[in-house]
Every structure is written in C-alpha cells, then in structure tokens.
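>>> coordinates for the following, if possible.
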Amino acid sequence: MDVEDLPRRKGDLASQLAAEPLDALSVDELTARIALLEDEIVRTTRHRDRAGHTRAAAEALFGAARPPAPPPNSGETGR
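Predicted structure coming up:
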C-alpha cells in the first residue's frame, strides 16, 4: 500500500502550523520560518507540476478520462 492510499489525518500539518501563535518568535525565528515555508512551497509546486505532466502524458497515451455515465432513468419524469 502506498502512502498516498492511506487516509489523510484531519487537521493536516499546514493547518496546525497556521494555528501556531507567532507572538513568542523573534525576528530571526520568523525569518527562518518564512524561508522554510518558501522552500516547502517550491517543493510542493514542483511535485504538483510533475503530477500534472504525468497525467497529461497518460491522457496523451490513453486518451482523456471519460465522464461517468449518467444513472439509468428510474421512470420518474421529474415533476
């Protein structure tokens, strides 16, 4: 089983980080935190872009995913 298949925890780390109080941090600590978050944004963006390229390559090879078929008519007219 891949990590991606595991259920996500409620309240992910980004939400927990956003809820942390910043008042006790010094300017140097805030600067270091910002640098770390900027690095994480770059890493996440690269991963997203790779995933998009992989999907585009798969769609080019196999065709775009078709939307699911509508449910069968239950005989109701919708009135």
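>>> all helices of this protein, in order?
With DSSP state H, the ranges of helices along the chain come out as 13-19, 27-62.
>>> for the first one, C-alpha coordinates in PDB please.
It stands for helix 13-19. Output of helix 13-19 as PDB, limited to C-alpha atoms (Å, rounded to 0.1, in the frame of the first residue of the first chain):
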ATOM      1  CA  LEU A  13       0.400  19.800   9.400                       C
ATOM      2  CA  ALA A  14      -0.200  23.000   7.300                       C
ATOM      3  CA  SER A  15      -3.400  23.700   9.300                       C
ATOM      4  CA  GLN A  16      -1.600  23.000  12.600                       C
ATOM      5  CA  LEU A  17       1.300  25.300  11.500                       C
ATOM      6  CA  ALA A  18      -1.100  28.100  10.600                       C
ATOM      7  CA  ALA A  19      -2.800  27.900  14.000                       C
END
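>>> out of the helices of the chain, the one nearest P72 is which?
helix 27-62 (26.7 Å; Cβ to Cβ). (C-beta placed from N, C-alpha, C; glycine too.)
>>> gap between stretch 59-69 and the chain center?
Taking the mean C-alpha point of stretch 59-69 and that of its whole chain, the gap between them comes to 21 Å (Cα atoms, centre = their mean, to the nearest Å).
>>> buried stuff in that stretch?
Using 16 or more other Cβ atoms under 10 Å as the burial criterion, none of the residues of stretch 59-69 qualify.
>>> what distance do you get for the residue nearest the centre of the chain to N73?
Residue closest to the mean C-alpha point of the chain, counted by Cα atoms, centre = their mean, is R48 at 7.9 Å. When Cβ to Cβ, to the nearest Å is applied, the distance between R48 and N73 equals 40 Å.
>>> same check, this time on S15
Using Cβ to Cβ, S15 is found at 43 Å from N73.
>>> ok, back up a step: may I see the helices of the chain organised as a markdown table, with distance to P68 added?
Conversion of the helices of the chain to a markdown table gives the following (distance: least, Cβ to Cβ, whole Å):
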| stretch | distance to P68 |
| --- | --- |
| helix 13-19 | 31 |
| helix 27-62 | 17 |
